[in-house]
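J.: Any chance you could fold what I've pasted below:
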Amino acid sequence: MSAEKAAPVRILLADDHKLVREGLRSILENELGMTIVGQAENGRTTVEQTRLLKPDIVIMDISMPDLNGIEATRQIVSEVEDVRVIALSMHSDKRYVSEMLAAGASGYLLKHSALDELERAIRTVLDNKIYVSPDIAGVVVQDYLQHLASSDAVQPAGLTAREREILQLIAEGRSTKDIAATLHVSVPTIDTHKQHIMEKLKLYSVAELTKYAIRKGLTSLE
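T.: I've put the predicted structure just below:
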């Protein structure tokens, strides 16, 4: 960092638990001198706020309703320039880490990480480097590098981004009418997407789709 006083790092917090967001806000503002520009409780709001506020960093939970952190990260990285995403998750499973990195995240920390590790991760990604918590680094990075070249590794059964969004909403129990309203499209459009999803996955009930979405990490019924 320059000897001159740099502008505070601008951060957007995304987590569906208010207590987690408030705890992070207190630490980042009071202990690290950073600025929290916004908070979001689901992935869709996170994407909208990132477009609007253009923070330096989005600290992103993975298991969020409406749009999960992996899909939200994909949208943010593809649509908003110069924003880095750091996953802060309870999940240490290499599948979540690999998919989050493949989606474009610059960092991945576990929620039990210490304050100094959180600061180190933020400084690392601001320096255009990747930060993965030492607790999960080894086999995860190897797995990520092996699968990076294959888009099939991060796109379940060849589903499009919109189909993955709709699959998550179906798995969360949302009605077709509600999904159509959320995505600002017609009910027949959602029905068509749903049919395509079922055909691609060869799963023909909401129960089977829900199990698949949970297994693939698109949603979690916490």
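J.: what's the distance between the spatially most central residue of the chain and Ile36?
T.: Of all residues in the chain, the one closest to the mean position by CA atoms, centre = their mean is Gly69, 1.9 Å from it. Per CB to CB, to the nearest Å, Gly69 is found 18 Å from Ile36. Bear in mind the C-beta positions are built from the backbone N, C-alpha and C, glycine included.
J.: Please name the nearest non-neighbouring residue to Leu169.
T.: Nearest residue to Leu169, sequence neighbours excluded (CB to CB, 6 or more residues apart in numbering): Ile179, at 4.7 Å.
J.: Okay, buried residues for the helix or strand containing the one you found please.
T.: Ile179 belongs to helix 176-183 when assigned by DSSP states H and E. Going by neighbour count (16 or more other CB atoms under 10 Å), the buried part of helix 176-183 is 176, 179-180, 182-183.
J.: So which residues of this protein form helices?
T.: 18-26, 43-53, 69-79, 94-103, 115-126, 137-147, 161-171, 176-183, 187-201, 206-215 (DSSP state H).
J.: Can I get stretch 33-40 in PDB, CA atoms only?
T.: Only the C-alpha atoms of stretch 33-40 are listed here, as PDB (Å, rounded to 0.1, in the frame of the first residue of the first chain):
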ATOM      1  CA  GLY A  33     -10.900   0.600   8.600                       C
ATOM      2  CA  MET A  34     -12.800  -0.600   5.500                       C
ATOM      3  CA  THR A  35     -16.200   0.700   4.300                       C
ATOM      4  CA  ILE A  36     -19.300  -1.400   4.000                       C
ATOM      5  CA  VAL A  37     -21.300   0.000   1.000                       C
ATOM      6  CA  GLY A  38     -24.200  -2.400   1.200                       C
ATOM      7  CA  GLN A  39     -25.600  -5.700   2.500                       C
ATOM      8  CA  ALA A  40     -27.600  -8.400   0.700                       C
END
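J.: Would you mark the buried spots in that stretch?
T.: For stretch 33-40, the neighbour count (16+ other CB under 10 Å) marks 34, 36-40 as buried.
J.: As CSV, these with distance to Leu52 would be great.
T.: Shown next, in CSV, are those (distance: CB to CB, whole Å):
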residue, distance to Leu52
Met34, 19
Ile36, 15
Val37, 10
Gly38, 8
Gln39, 13
Ala40, 11
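J.: Could you export those residues as JSON lines, including pLDDT and distance to Ala6?
T.: Output for the buried residues of stretch 33-40, formatted as JSON lines (pLDDT from 0 to 100; distance: CB to CB, whole Å):
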{"residue": "Met34", "pLDDT": "95", "distance to Ala6": "11"}
{"residue": "Ile36", "pLDDT": "97", "distance to Ala6": "17"}
{"residue": "Val37", "pLDDT": "97", "distance to Ala6": "16"}
{"residue": "Gly38", "pLDDT": "97", "distance to Ala6": "21"}
{"residue": "Gln39", "pLDDT": "97", "distance to Ala6": "23"}
{"residue": "Ala40", "pLDDT": "97", "distance to Ala6": "25"}
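J.: Pick out the most distant pair among these.
T.: Between any two of the buried residues of stretch 33-40, the greatest separation by CB to CB is 16.8 Å, found for Met34 and Ala40.
J.: What is the least confident helix or strand in this protein?
T.: Lowest mean confidence among the helices and strands of the chain (mean pLDDT, DSSP states H and E): helix 137-147, at a mean of 62.
J.: first to last residue in stretch 34-46, what's the distance?
T.: 19 Å (CA to CA, to the nearest Å).
J.: contacts for it?
T.: Outside stretch 34-46, the residues within contact range by CB atoms under 8 Å, 6 or more residues apart in numbering are 8-16, 18, 21, 24-25, 28-29, 48-49, 53, 55, 58, 60, 64-69, 71-72, 76, 122, 182.
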